[in-house]
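Peer 1: My questions are about this predicted structure, shown below with the sequence.
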Amino acid sequence: MAKSIEYQPEPAKIGPDAHEELDRLLETLHQHGVLRLLNDLVAANNEVAQILVNGLQRQGTLNVIQNISLMLMALSSLPPDRVYKLAFGLRDLAEAISQPKADDEEKAPGVHGAWKMLQDDELWRALRPLIQGLAAFSRRMEEPVDKPISAFTGKPSDA
């Protein structure tokens, strides 16, 4: 009996293979000057490193790095649902403030209107978190801080 022939046809070429793509990428990088830039950076690595180190040693740069890290640490201590509420609450606040008012809403409430506002329980419920937040903010502003990172972590600084 005859033995069957095993033949696997090569799949049709749909697109370029990896080597062709790599050659194309290399040619594109060359045409756009990226290879020249990278080559010059590598050749001048000591000068570039010196410029970066000098820039990072400036007091303003150090302040920016520390401020960004402090903001990130403060944000990391908040759960995402509170940050969501805060971010979109601020957006809604800005939107409400920027809405144009009708002329009749611009008038001062007068003594009688102010008295009615003082008796409004819903208004006081809305203002209570704002007042508590301002009190907490004021307490934090009165605290002396020598090293912000040490104050945040609770660990004494080595320096």
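Peer 2: That came in fine, so what should we check first? Numbering: from 1, shown residues only.
Peer 1: rest of the way, CA atoms for contacts and neighbours
Peer 2: Fine.
Peer 1: Report the secondary structure state of the most centrally placed residue in the chain.
Peer 2: With distances taken as CA atoms, centre = their mean, the residue of the chain nearest its centroid is residue 72 (8.1 Å). Secondary structure state of residue 72, per DSSP: H, G, I helix; E, B strand; the rest coil, is helix.
Peer 1: Residue 115 now?
Peer 2: Going by three-state DSSP: residue 115 is helix.
Peer 1: residues making contact with the longest helix along the chain?
Peer 2: In terms of residue count, the longest helix belonging to the chain (DSSP state H) is helix 121-142. Helix 121-142 has contacts (CA atoms under 8 Å, 6 or more residues apart in numbering) with 117-118.
Peer 1: Now the very next helix or strand once past that helix - C-alpha only, PDB.
Peer 2: As assigned by DSSP states H and E, the chain's next helix or strand after helix 121-142 is helix 148-153. Output of helix 148-153 as PDB, limited to C-alpha atoms (Å, rounded to 0.1, in the frame of the first residue of the first chain):
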ATOM      1  CA  PRO A 148       7.600  67.800  55.600                       C
ATOM      2  CA  ILE A 149       8.600  64.200  54.900                       C
ATOM      3  CA  SER A 150       9.300  63.600  58.500                       C
ATOM      4  CA  ALA A 151       6.000  65.200  59.500                       C
ATOM      5  CA  PHE A 152       4.200  63.000  57.000                       C
ATOM      6  CA  THR A 153       5.800  59.700  57.900                       C
END
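Peer 1: list the helices and strands helix 148-153 packs on?
Peer 2: Based on contacts counted as 3 or more CA pairs under 8 Å, 6 or more residues apart in numbering; DSSP states H and E, there is no element that helix 148-153 packs against.
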